[in-house]
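In: How does the following fold in three dimensions:
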Amino acid sequence: MNKVFLIGNLTRDPELRETPSGVSMCRFAIAVQRPYSSQEGERQVDFFECTAWRGLGETIARYTKKGKKVAVSGSIQIRNYEDNQGAKRTAVDIIAQDVEFLSPKDSGDSFDEIDEAPRQSAPKRKPVLQAMDDDSDIPF
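Out: Just a heads-up that it's a prediction; the model follows:
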């Protein structure tokens with residue numbers, strides 16, 4: 001089983017992008033404090049790169065920003081790549097499956113202020129209801 005749960009603060013504003021096929025993805029990083037201090041009394045911090053896909057990624061990009069506390073559950077993905085100098089590198093990513101916003105809403109914050117470029121969505125259609133002429137099929 002590959003499952004991870006993290007609670008931390010965003011280290012930068014989320015970056016929303018689209019793949020060439022049009023799928024939304026959001027990259028963000030969180031800082032997570034370790035539950036213990038070093039010998040000098042300092043709290044150690046780990047940094048995790050996270051990726052959220054489709055609607056979850058769009059929601060994160062729209063409603064969070066640097067410094068906000070989030071809970072992330074997902075899976076760990078390890079990838080190998082070659083840097084510009086030709087050295088082989090390994091990166092550890094968290095693929096977010098669920099993200100919960102934990103920071104309280106600031107009195108000055110509103111979701112509209114965070115979303116600098118609101119997206120145009122298609123108008124929602126109301127469902128069409130059909131009238132029933134005969135009530136004899138109702139079981140009560």
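In: Could you count how many residues lie near Gln39?
Out: 5 (other C-beta atoms under 10 Å). Where C-beta positions appear, they are placed from N, C-alpha and C, glycine not excepted.
In: Is it in a helix, a strand, or coil?
Out: Secondary structure, DSSP: H, G, I helix; E, B strand; the rest coil: Gln39 is coil.
In: Correct me if wrong, but Pro20 is in a strand.
Out: No: counting by three-state DSSP, Pro20 is not part of a strand but coil.
In: For Leu102, give me the backbone phi and psi.
Out: phi -110, psi -20 (degrees, to the nearest 10).
In: list the contacts for it?
Out: 7, 68-71 (C-beta atoms under 8 Å, 6 or more residues apart in numbering).
In: centroid residue for this protein?
Out: Ile60 (4.4 Å; C-alpha atoms, centre = their mean).
In: ok, back up a step: only the buried subset of the contacts of Leu102, as a PyMOL command please.
Out: Only the buried members of those enter the following PyMOL selection, criterion being 16 or more other C-beta atoms under 10 Å:
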select buried, resi 68+70
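In: Double-check that Ile60 belongs to a helix.
Out: Yes: looking at Ile60 with three-state DSSP, it is inside a helix.
In: circling back to that earlier point, what would the contacts of Leu102 look like in TSV with secondary structure?
Out: Listed next are those as TSV, based on three-state DSSP:
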residue	secondary structure
Ile7	strand
Lys68	coil
Lys69	strand
Val70	strand
Ala71	strand
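In: Let's have the contacts of Leu102 in JSON lines, adding pLDDT and distance to Cys50.
Out: Listed next are the contacts of Leu102 as JSON lines, based on pLDDT from 0 to 100; distance: C-beta to C-beta, whole Å:
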{"residue": "Ile7", "pLDDT": "97", "distance to Cys50": "12"}
{"residue": "Lys68", "pLDDT": "95", "distance to Cys50": "13"}
{"residue": "Lys69", "pLDDT": "96", "distance to Cys50": "14"}
{"residue": "Val70", "pLDDT": "96", "distance to Cys50": "9"}
{"residue": "Ala71", "pLDDT": "97", "distance to Cys50": "12"}
